[in-house]
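J.: How does the following fold in three dimensions:
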Amino acid sequence: MHRTGIEDHYVHKDGKKLRFGFTTGTCAAAAAKAATVLLLTGTAPESVRIATPKGIELDLAVLEPVKGDGFASCAIQKDSGDDPDVTDGVLVYARAAFSSVPGITIDGGEGVGRVTKPGLKQRVGEAAINPVPRDMIRRAVEKVAQDWECRTGLSVIISIPEGVALAKKTFNPRLGIEGGISILGTSGIVEPMSEDALIDSIALEIRQRKALGEPRLILAPGNYGADFFTEAYGVAETRIVKCSNYVGKALEAAIDAGFTEVLLAGHIGKLVKLSGGIWNTHSKEGDCRAELMAAAALLGGADADTARALFDCVTTDEMLRVLKARGVFEKTMAALKTRTEAALKGRFKDALTIGVIVFTGGNEELYRTDAAKRMTEERI
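T.: Numbering: from 1, shown residues only. Have a look, this model is predicted:
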């Protein structure tokens, strides 16, 4: 059996040994590399090595090589490890071809969704291939082209035939991504997630921060919040506990650990949900971003047309642009702040003082609760 190298990477959670996997983005980059080798040399490699942003190098078996007139195609099979994932086992294909367009062009084919609404990382009409996978594909193909001194343009089309059916099991249709799934992955690696085990590991880390004598818990849903704390306030990454979508569980764990204060920062796409008392911010548990933003906008004096416009937005960043254009941005943010403070008080009473900072792209701070203002004026 072919060893990819992912077999050596795993975590122990809840008494179980859980395997890592690799993303559709990694598969797409590896397939593109293999297809380009076949196109330029006439021979398909048995496997290709691909470096992931996580720093893990993989050796992935090449499947279904096809060589035609001016094009070549190869596939890589997705392995999600022990993470529950609808794309586990699917074949990700790349078709490489000579092109009259200089450089390397990348697009999506069958089963790769296409963006139909503004506000996502790709423009309307583009294939739903996220920036990191797109960069991985480009770098993999560029390397092969350089090695074989290819002087012509190259086009790469990524396809996942099963993606059309799989997309119905994802949130893509609701996001305005039609015709298939997205090519995802920021690290290139899939880390297994057992919900109970993940919550336990978050609680353990919180207890550790308390044992180390931290005066207050610094909490963020993920990398965006952690980066915000580091860049805006100089907080060391080692002090920040990432709670994923489990904001409510993390705050409960903070109480259990003996903390009396928590400072939480996150992107508005996550933390707007706190204004409605939604404590698990995963979209499957409760989205309501447009509903909560519209309610706050109406409280801030917006008219019904503005509220309706918010429901046509795909992302909260797009909603913010609408609010700014309609002149109700500041009052809407003030309403969200007030509603967030009320929701926190209603849930946690006097057991915990929670400061919340909400930001958007480029670390633009949108609002801070009163507790957060006090905490940030002190030594974080």
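J.: From here on, just use CA atoms for contacts and neighbour counts.
T.: Will do.
J.: Not counting sequence-adjacent ones, nearest residue to P131?
T.: Nearest non-adjacent residue to P131, counting by Cα to Cα, 6 or more residues apart in numbering: K121, 7.5 Å away.
J.: what residue of the protein is the furthest out?
T.: Largest separation from the mean C-alpha position in the chain: D69, at 38.1 Å (Cα atoms, centre = their mean).
J.: circling back: tell me the secondary structure for the residue nearest to P131?
T.: For K121, the assignment made with DSSP: H, G, I helix; E, B strand; the rest coil gives coil.
J.: Equivalent analysis for G185, please.
T.: coil.
J.: Might one say that it is in contact with V132?
T.: Yes: contact criterion Cα atoms under 8 Å: G185 and V132 qualify, at 6.8 Å.
J.: which residues are in contact with both of the two?
T.: Shared contacts of G185 and V132, defined by Cα atoms under 8 Å, 6 or more residues apart in numbering, comprise G25.
J.: who's in contact with the host helix or strand of V144?
T.: Using DSSP states H and E, V144 sits within helix 131-147. Outside helix 131-147, the residues within contact range by Cα under 8 Å, 6+ apart are 25-26, 28-30, 32-33, 36-37, 50, 52, 104, 106, 121, 151, 183-186, 188.
J.: do stretch 361-369 as well
T.: Here stretch 361-369 makes contact (Cα under 8 Å, 6+ apart) with 228, 232, 267, 317, 333-334, 337-338, 340-341, 355-360.
J.: Buried ones in that stretch, by neighbour count?
T.: For stretch 361-369, the neighbour count (16 or more other Cα atoms under 10 Å) marks N363, E365, L366, Y367, R368, T369 as buried.
J.: just checking, R289 touches G269?
T.: Yes: in this structure, R289 is within contact of G269 by Cα under 8 Å, at 7.2 Å.
J.: which helices and strands does the longest helix belonging to the chain pack with?
T.: Identified as the longest helix of the chain according to DSSP state H is helix 329-348. Where contact means 3 or more Cα pairs under 8 Å, 6 or more residues apart in numbering; DSSP states H and E, helix 329-348 is packed against helix 289-299, helix 316-325, strand 364-368.
J.: who wins for proximity to A97 among those?
T.: For A97, the closest of the helices and strands packed on helix 329-348 is helix 316-325, at 36.3 Å, according to Cα to Cα.
J.: shaky segments in this protein?
T.: Applying pLDDT under 70 to the chain flags residues 13-14, 174, 193-194, 196-197.
J.: Show me the helices in it, by range?
T.: 24-41, 131-147, 163-166, 172-175, 195-211, 223-233, 247-257, 268-271, 289-299, 304-311, 316-325, 329-348, 370-377.
J.: how about these, which one is nearest G111?
T.: Relative to G111, the nearest member of the helices of the chain by Cα to Cα is helix 163-166, separated by 4.0 Å.
J.: Might you calculate how far the closest one sits from the centre of the chain?
T.: Between the centre of helix 163-166 and the centre of its chain there are 20 Å (Cα atoms, centre = their mean, to the nearest Å).
J.: what residues does it touch?
T.: Outside helix 163-166, the residues touching it (Cα under 8 Å, 6+ apart) are V86, T87, E110, G111, V112, G113, G179, G180, I181.
J.: What of stretch 198-215?
T.: Counting by Cα under 8 Å, 6+ apart, 13, 217, 239, 241-243, 246, 249-250, 253-254, 257-259, 261 sit against stretch 198-215.
J.: cutoff 10 Å now
T.: 13-14, 192-197, 216-219, 238-246, 249-262, 379-380 (Cα atoms under 10 Å, 6 or more residues apart in numbering).
J.: Could you pull out the buried residues of that stretch?
T.: The neighbour-count check on stretch 198-215 (16+ other Cα under 10 Å) flags L198, I199, D200, I202, A203, E205, I206, R207, R209, K210 as buried.
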